[in-house]
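Asks: Below are the sequence and a predicted model for it; my questions follow.
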Amino acid sequence: MAIPQISRRTLLPVLLLLAAAALSPAAADGDEVLALTESTFEKEVGQDRGALVEFYAPWCGHCKKLAPEYEQLAASFKKAKSVLIAKVDCDEHKSVCSKYGVSGYPTIQWFPKGSLEPKKYEGQRTAEALAEYVNSEAATNVKIAATPSSVVILTEDTFDSVVLDETKDVLVEFYAPWCGHCKSLAPIYEKVASVFKHDEGVVIANLDADKYTKLAEKYGVSGFPTLKFFPKSSKAGEEYEGGRDLDDFVKFINEKSGTSRDSKGQLTSEAGLVASLESLVKDFHNAADDKRKEALSKLEEEAAKLSGSAAKHGKIYVNIAKKIVQKGSDYTKKETERLHRILEKSSISPSKADEFAIKKNILSIFSS
């Protein structure tokens, strides 16, 4: 069968579109903030819209604290065609940062429409303050988009029922509305709550200790913000003394609560795995066909001893082993592929996505 030739007139627009797609800068990792490079900076900045640019370094603590505020700013200005919210990684694109006199991080500069002569932003590093500045410079009237909060707001009436619930691990921030450090922590704390919002056994909460002074006194709060962790096993409240970056909080909750989340709220490859069943899975995997049922019985016996979330995951181990006995060793590969296809669908609910991700993790143990 002859393959029809494509004319130059037909092919040229296609090639131009592909080239444009390849050259067009995209938001990094799904962020609303446009990540600029040495090759794209002057194609975007100094053109037909004003640009607010953050010059940052990935290791910079102040940059990490600014990130959620800056992301919220970009999300709010997404539909404002006359404004660009962007950032430059100065570790990776040193020449751009050097050109614009960047000597510390983060440095935020405003580039007026049609100009590569920036003004340095010297204001507060909150989404609201940044929006006010951009509105003033660009003659826009954009309001910061409100995002639903995942932090549980406590009162005198609800404190005991939430915090002293022995089925929950609860992290509580005691804060005061006028406290500067509390305001700086607020966007990070909101991110922490968002990371664990689908974990039924974890609660991220706060209490206005300036308003509910009796509760603050009861738990020995003398400064703001004070963070206390109330695990299921003990409700006296232990002082949180870790770092105050998102990664620090996520690591703490994972260690204390047995969760397995990353800083984006996704389950890690360790989620659902039960260490005490590892050797029994190996025995089952290596057993001859006529010995599989015996290995399965031992796995069932050990899984029955588990409690809490481990017991729930232990049942998945047992069900997978039973399926392998019934359907053969190919079951793990076929089921993993099926779950992978389901997880790629955007319509799947977060709870179902977690359920399938855990099953995929456990299936991988039987495949190894």
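Replies: Arrived safely.
Asks: Please enumerate the helices of the stretch 1-150 of the chain.
Replies: 8-23, 41-44, 61-76, 94-99, 127-138 (DSSP state H, counting those that start in this stretch).
Asks: counting contacts, what elements does the third one pack onto?
Replies: Read that as helix 61-76. strand 50-56, strand 83-89, helix 127-138, helix 180-195 (3 or more Cβ pairs under 8 Å, 6 or more residues apart in numbering; DSSP states H and E). For the C-beta atoms, the positions are set from N, CA and C on the backbone; glycine is no exception.
Asks: For it, buried residues please.
Replies: Buried residues in helix 61-76, counting neighbours by 16 or more other Cβ atoms under 10 Å, are found at 63-76.
Asks: again with the last one
Replies: If you call a residue buried by 16+ other Cβ under 10 Å, then helix 127-138 has these buried ones: 127, 130-131, 133-135, 137-138.
Asks: What of the second one?
Replies: By neighbour count with 16+ other Cβ under 10 Å, helix 41-44 contains the buried residues 41, 44.
Asks: Output the contacting helices and strands for it.
Replies: When contacts are defined as 3+ Cβ pairs under 8 Å, 6+ apart, helix 41-44 sits against strand 83-89.
Asks: Sheet-wise, list the partners of the strand it packs on with their directions.
Replies: strand 34-36 (parallel), strand 50-56 (parallel) (DSSP bridges).
Asks: Now the first one: average pLDDT?
Replies: Put plainly, it is strand 34-36. Across strand 34-36, the average pLDDT comes to 95.
Asks: repeat for the last one
Replies: Per-residue pLDDT values over strand 50-56 give a mean of 97.
Asks: May I have that strand as CSV, with CA atoms only?
Replies: Extracted C-alpha coordinates of strand 50-56, given in CSV (Å, rounded to 0.1, in the frame of the first residue of the first chain):
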residue,chain,number,x,y,z
GLY,A,50,4.4,43.5,33.6
ALA,A,51,6.3,40.7,35.4
LEU,A,52,7.0,40.0,39.1
VAL,A,53,10.0,37.7,39.3
GLU,A,54,11.3,35.8,42.3
PHE,A,55,15.0,35.0,42.1
TYR,A,56,15.5,32.0,44.5
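Asks: all strands of this protein, in order?
Replies: With strands called from DSSP state E, the chain shows them at 34-36, 50-56, 83-89, 107-111, 119-120, 152-154, 169-175, 202-208, 226-230, 238-239.
Asks: wait, what's in contact with the residue nearest the centre of the chain?
Replies: The centroid of the chain falls nearest to residue 264 when counting by Cα atoms, centre = their mean (1.4 Å). Residues in contact with residue 264, defined by Cβ atoms under 8 Å, 6 or more residues apart in numbering, are residue 195.
Asks: Please compute how far stretch 156-175 lies from its chain's middle.
Replies: 23 Å (Cα atoms, centre = their mean, to the nearest Å).
Asks: again but with stretch 242-249, I slipped
Replies: With Cα atoms, centre = their mean, you get 13 Å for stretch 242-249.
Asks: Could you list the alpha-carbon positions for it in CSV?
Replies: C-alpha atoms of stretch 242-249 as CSV (Å, rounded to 0.1, in the frame of the first residue of the first chain):
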residue,chain,number,x,y,z
GLY,A,242,11.2,20.1,65.1
GLY,A,243,11.9,22.4,62.2
ARG,A,244,9.1,24.5,60.7
ASP,A,245,9.5,23.8,57.1
LEU,A,246,6.9,21.6,55.3
ASP,A,247,9.3,18.7,55.0
ASP,A,248,10.0,18.8,58.7
PHE,A,249,6.4,18.5,59.7
